[in-house]
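*Asks:* got a predicted structure plus its sequence, pasted below:
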Amino acid sequence: MYPQTRYVQSHGGDVAYQVIGEGPVDLLYCGGLLSHLELVWDYPEAERYLARLAAFSRLILVDRRGVGISEGLPSEALPSLEDWSDDLLAVLDEVGSQAAALFVERDAAPLGIMLACRHPERITAMVLGNATACLLADDAFPDGEEEAALAKLATLVREHWGTEKLSGFALPSRGENDHHFAQKAARFQRSAATPSAAAAQLSYFARCDVRHLLPQIHCPVLVVHHRDYAVIKAAHATYLRDTLPNAELLMLDGGDAFFLYQGGDTVLRRIEAFLTGRQDQTQADRVLQTILFVDIVRSTETASELGDAEWRNRLANFYSIVERELARYGARIIDESGDGLFAVLSGPTPAIHCARAVRDAVAQIELTVRAGIHAGECEVSDDAVRGLTVHIGARIAAEAAPGEIWVSRTVRDLVVGSGLIFRHRGPKRLKGVPGVWRLFRVEEDDE
């Protein structure tokens, strides 16, 4: 169940917000321009990330005016920084929060800094993610960006907003090599803002200068930054740490605009410790999981036959169909590659039925898949499911022939009494896995 979206008025416009969690700390999160409170829950990584924040807080999510599902704004008449920061204050008032921590990222950082300065009695702590107090360079801050670089960035946003190219720029860890993800990310951009609105707001915040406010903020501040983030250099994070009276810095490897895919576990543990004083205890639990791997057969040959454009369309249809079927069986997607995916389910029986449904559904778009299923203990963290069980599941899928679903003996034994029929395919040695494994093919009910 996704949290209910609600609205509150700020300067005559509707501000969308959601509340999730019942922790002892109120934490208001605003991600800036790249935000859409409804679509963000379509990303498994984002859902886990936000759920982890809500595990130790009452998490309050906000789309500021001009972004996502909040009130639209004319690009030529954007609010003052003070008025825009009132969007956050209006939400805090609406949910009855008298004292809250802020987590603001990228272009939302000036709003948080402004609010913390104007209403210090309401802000107990602040997390600044991939943030700056002043993007442009001057004599006092030579490490900033030159006007020419800003103009180039504005042109890039105006011409490529909502396309796969900009997705790869914002999330190089995912968008550059994963066309399906890049397509989803491009859709997210288009839903967050139009190209003109995005370029106008980027130029607006690029020219914001809140450096003079930093010495007035005395609440604890955690600065989190990706070392290779292309838009805002690491020097900006160092400047924030050195100028704010009570700040600490967490510098992470990577260049993504978000922390979901690079360093997410580290950021979540540090934020929890920063806000609550306690360390995360769930970072490496071992949990019994049912693992499902699905691979497209002859993906390389099919891509060559169809050509790049048609293959991307076919692949997009494939993932759309597969994600729908997985959702029907309560599967959680852990990872997607260019020609397959890895998911976890509540048990072996739904995993087998899910694999059958996926196989039959994608046949409608002339694609053939094979699937492998295994069950066992995995190391589960917020960003990943790891361990030998996962490796075995992938190897079982690789053994299956086109259109087949293979399972381990463990899975077969767990579903005794289910009515499912299996055929022994002989002992197998799986690459990189010790021992000999008895594997079984799932038979059709009428065979």
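*Replies:* Everything's here; your move.
*Asks:* which SS state does residue 261 fall under?
*Replies:* Here residue 261 is coil, with the state taken from DSSP: H, G, I helix; E, B strand; the rest coil.
*Asks:* contact partners for it?
*Replies:* With contact taken as CB atoms under 8 Å, 6 or more residues apart in numbering, residue 261 is in contact with 45, 171, 173-174, 383. From N, CA and C alone the C-beta is placed, and that goes for glycine too.
*Asks:* ditto for residue 267
*Replies:* 129, 224, 250, 252, 259.
*Asks:* a markdown table for the residues you listed, including secondary structure and pLDDT?
*Replies:* Shown next, in a markdown table, are the contacts of residue 267 (DSSP: H, G, I helix; E, B strand; the rest coil; pLDDT from 0 to 100):
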| residue | secondary structure | pLDDT |
| --- | --- | --- |
| 129 | strand | 96 |
| 224 | strand | 97 |
| 250 | strand | 94 |
| 252 | strand | 92 |
| 259 | coil | 91 |
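*Asks:* what's the first helix or strand after whichever helix or strand residue 325 is part of?
*Replies:* In the assignment (DSSP states H and E), residue 325 maps to helix 308-328. Next helix or strand after helix 308-328 toward the C-terminus (DSSP H and E): strand 332-337.
*Asks:* which residues sit against the next helix or strand after that next one?
*Replies:* Next in sequence after strand 332-337, counting helices and strands by DSSP H and E, comes strand 340-345. Residues outside strand 340-345 that contact it (CB under 8 Å, 6+ apart): 289-296, 299, 319, 322, 326, 329-336, 351, 354, 369, 378, 385, 390, 393-394, 397.
*Asks:* and the angle from strand 340-345 to strand 332-337?
*Replies:* 170 degrees (axes from the mean of the first three to the mean of the last three CA atoms, to 10 degrees).
*Asks:* so which bits of strand 340-345 are buried?
*Replies:* Across strand 340-345, burial judged by 16 or more other CB atoms under 10 Å covers 340-345.
*Asks:* also stretch 178-198?
*Replies:* Residues of stretch 178-198 classed as buried: 178-186, 188-190, 192-193, 195, 197-198 (neighbour count, 16+ other CB under 10 Å).
*Asks:* now stretch 169-180
*Replies:* Under 16+ other CB under 10 Å, the buried positions of stretch 169-180 are 169-175, 178-180.
*Asks:* for residue 393, which non-adjacent residue is spatially closest?
*Replies:* Distance criterion CB to CB, 6 or more residues apart in numbering; nearest residue to residue 393, sequence neighbours excluded, is residue 291 at 3.6 Å.
*Asks:* pLDDT score assigned to the one you found?
*Replies:* Per-residue pLDDT puts residue 291 at 94.
*Asks:* and if you look at residue 285?
*Replies:* Reported pLDDT for residue 285: 64.
*Asks:* also residue 175?
*Replies:* Note for residue 175: predicted pLDDT of 57.
*Asks:* check residue 258 too.
*Replies:* Residue-level pLDDT assigned to residue 258 equals 90.
*Asks:* if I pick the residue lying closest to it once chain neighbours are set aside, what's in contact with it?
*Replies:* Closest residue to residue 258 apart from its sequence neighbours, by CB to CB, 6+ apart: residue 171 at 6.6 Å. Contact analysis of residue 171 by CB under 8 Å, 6+ apart lists 181, 185, 256-258, 261.
*Asks:* in the stretch 1-150 of the chain, which spans are helices?
*Replies:* Assigned by DSSP state H, counting those that start in this stretch, the helices in the stretch 1-150 of the chain fall at 44-55, 81-94, 109-118, 147-160.
*Asks:* related to what we said a few turns ago, format the buried residues of stretch 169-180 as JSON lines; extra columns: secondary structure and distance to residue 411.
*Replies:* Formatted as JSON lines, these follow (DSSP: H, G, I helix; E, B strand; the rest coil; distance: CB to CB, whole Å):
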{"residue": "169", "secondary structure": "helix", "distance to residue 411": "42"}
{"residue": "170", "secondary structure": "helix", "distance to residue 411": "39"}
{"residue": "171", "secondary structure": "coil", "distance to residue 411": "35"}
{"residue": "172", "secondary structure": "coil", "distance to residue 411": "37"}
{"residue": "173", "secondary structure": "coil", "distance to residue 411": "33"}
{"residue": "174", "secondary structure": "coil", "distance to residue 411": "31"}
{"residue": "175", "secondary structure": "coil", "distance to residue 411": "35"}
{"residue": "178", "secondary structure": "coil", "distance to residue 411": "29"}
{"residue": "179", "secondary structure": "helix", "distance to residue 411": "32"}
{"residue": "180", "secondary structure": "helix", "distance to residue 411": "28"}
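*Asks:* coming back round to it: centre of the chain versus the helix holding residue 325, how much separation?
*Replies:* Centroid separation between helix 308-328 and its chain, computed with CA atoms, centre = their mean, to the nearest Å, is 19 Å.
*Asks:* so that helix versus strand 332-337, what angle?
*Replies:* Orientation of helix 308-328 against strand 332-337 (the same axes, to 10 degrees) gives an angle of 160 degrees.
*Asks:* list the contacts of the residue nearest the centre of the chain.
*Replies:* A centroid search over the chain (CA atoms, centre = their mean) returns residue 46, at 3.4 Å, as the residue closest to the centre. The neighbours of residue 46, taking CB under 8 Å, 6+ apart as the test, are 40, 260.
*Asks:* state the pLDDT value of it.
*Replies:* At residue 46, the predicted lDDT confidence score is 87.
*Asks:* do the same with residue 263
*Replies:* Model confidence at residue 263, expressed as pLDDT, equals 84.
*Asks:* circling back: distance to residue 265 for the buried residues of stretch 169-180 - can I get that in a markdown table?
*Replies:* Formatted as a markdown table, those follow (distance: CB to CB, whole Å):
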| residue | distance to residue 265 |
| --- | --- |
| 169 | 24 |
| 170 | 21 |
| 171 | 17 |
| 172 | 19 |
| 173 | 14 |
| 174 | 16 |
| 175 | 21 |
| 178 | 20 |
| 179 | 26 |
| 180 | 24 |
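*Asks:* nearest to residue 435, of those?
*Replies:* Using CB to CB, residue 178 comes nearest to residue 435 of those, at 33.6 Å.
*Asks:* thought that closest one was touching residue 319?
*Replies:* No: assessed by CB atoms under 8 Å, residue 178 is found out of contact with residue 319, at 10.2 Å.
*Asks:* which neighbours do those two share?
*Replies:* Common contacts of residue 178 and residue 319, defined by CB under 8 Å, 6+ apart, comprise residue 336.
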